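> how does the following fold in three dimensions:
(one chain, ligands or ions: 1)
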Amino acid sequence: MLRGKYKTYDKLYIYILKGFHPELRSLSDEDLIGVWEEDGIGVLFFHREKDELVNSLCKKLGLELEEKDVVNYKEWMENRFPQPIQIGNISIAPIWCKGNWDIVFDPSVVFGEGRHPTTYTVLELCWEFYESYGLPKKVIDIGCGTGVLTLFWAYLGSEVTAIDINPLCVEVTLNNLKMNGLSSRVKLLQGDVKKFLPLEGELVVANLYKGLILDLFGLPSFWTSDYYIVSGFRPDMEEEIRSALSPFSVEVIKRKEKEGWVSWLLKNFKKL
Ligand SMILES: C[S@@+](CC[C@H](N)C(=O)[O-])C[C@H]1O[C@@H](n2cnc3c(N)ncnc32)[C@H](O)[C@@H]1O
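I've put the predicted structure just below:
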């Protein structure tokens, strides 16, 4: 996240550690962007070179440095430097863009800058859902990343439960909610979504990946909401994913495709 003197991102100094130590969670440094914790591995992101600090941390905590990378922020963001986007009548912009925006956010170094085809088509489906069915009282955002989908629904007035397995995503989402005065509408959960099931709402938004989508689709405890907007898979994966729906009364009622990525709106007929 952007802290202190930093107003945007330029070069990222990324330190990938072998292993993780809980003390890393409270690491504080004026050049720190964030600590990413995934599958027992720690990844430290800085605005500047921090070899000395990382070496002394490794020594103190009994960790080993696996890899150091220096990457341009644009490259880290898959060559998309975050820009303002307009979804329906809602404008969403990175915090460093001058202007009058409905929602501002710090995209940090986690997924969800808005213009990735999966996020973008999910946001479009969210807007179209809102126009067709009105405001869902309760929305579940599975894999919230930067919190962009959570911000969208909380801004419109829904109560949102947002979940991410990556603690940095939860931290970034919380920061973004605070920046927009929306934290009171959102419950944030950190951990594997499967441990929080069943989660009941009118709408679930889940921009994930094929393996996790297939896992979730196979669980009766996943099908406890009315509508689902799901993304994160390619056209050649659709058949396999669609066949996982066959034991349930769930149908794809809208489909979008952009740059080789597919998003679906699903309706759960049993629940309704
Ligand atoms: C593709 S990103 C989506 C971010 C944002 N919602 C968007 O649409 O741009 C997927 C997110 O799912 C999270 N994730 C992956 N596996 C998960 C799991 N088992 N439980 C919860 N979150 C998970 C990742 O950390 C990541 O932030």
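> would you check how far apart the most centrally placed residue in the chain and the ligand are?
With distances taken as CA atoms, centre = their mean, the residue of the chain nearest its centroid is residue 145 (1.8 Å). Between residue 145 and the ligand the computed distance is 3 Å (CB to the nearest ligand atom, to the nearest Å). All C-beta atoms are positioned from the backbone trio N, CA, C, and that covers glycine.
> for residue 204, see how far away residue 246 is.
19 Å (CB to CB, to the nearest Å).
> out of the two, which sits in the busier spot?
Between residue 246 and residue 204, counted using other CB atoms under 10 Å, the more crowded position is residue 204 (26 against 8).
> what's across from that one in the sheet?
For residue 204, the beta-bridge partners under DSSP bridges are residue 140, residue 228.
> residue 46 contacts residue 33, correct?
Yes - counting by CB atoms under 8 Å, residue 46 sits close enough to residue 33 to count as a contact (6.1 Å).
> and the two? Which one has more around it.
Using other CB under 10 Å as the criterion, residue 46 and residue 33 rank with residue 33 on top: 24 against 20.
> check the gap between the more buried one and the ligand for me.
For residue 33 relative to the ligand (CB to the nearest ligand atom), the value is 16 Å.
> residues in contact with the closest residue to that residue other than its chain neighbours?
Closest residue to residue 33 apart from its sequence neighbours, by CB to CB, 6 or more residues apart in numbering: residue 45 at 3.9 Å. By CB atoms under 8 Å, 6 or more residues apart in numbering, residue 45 lies in contact with 12-14, 32-36, 109.
> ok, now with 7 Å
When contacts are counted by CB atoms under 7 Å, 6 or more residues apart in numbering, residue 45 touches 12, 14, 33-34, 36, 109.
> out of these, who's the most crowded?
residue 33 (24 neighbours).
> which pLDDT value goes with that residue?
Per-residue pLDDT puts residue 33 at 98.
> from here on, count from 22
Will do, 22 is the new start, and the previous item becomes residue 54.
> that one: which element?
Residue 54 belongs to strand 53-59 when assigned by DSSP states H and E.
> host element of the residue nearest to residue 54?
Assigning secondary structure by DSSP H and E places residue 66 in strand 62-67.
> which SSE is immediately downstream of that strand?
Next helix or strand after strand 62-67 toward the C-terminus (DSSP H and E): helix 72-82.
> who does that next one touch, helix- and strand-wise?
Counting by 3 or more CB pairs under 7 Å, 6 or more residues apart in numbering; DSSP states H and E, the packing neighbours recorded for helix 72-82 are strand 85-93.
> now find how far off-centre the helix or strand following the strand it packs on is within its chain.
Where DSSP H and E defines the elements, the next helix or strand beyond strand 85-93 is helix 94-97. Going by CA atoms, centre = their mean, to the nearest Å, the spacing between the C-alpha centre of helix 94-97 and its chain's C-alpha centre is 17 Å.
> buried stuff in helix 94-97?
Of all the residues in helix 94-97, those buried under the rule 16 or more other CB atoms under 10 Å are 94, 97.
> does residue 30 count as helix, strand or coil?
coil (DSSP: H, G, I helix; E, B strand; the rest coil).
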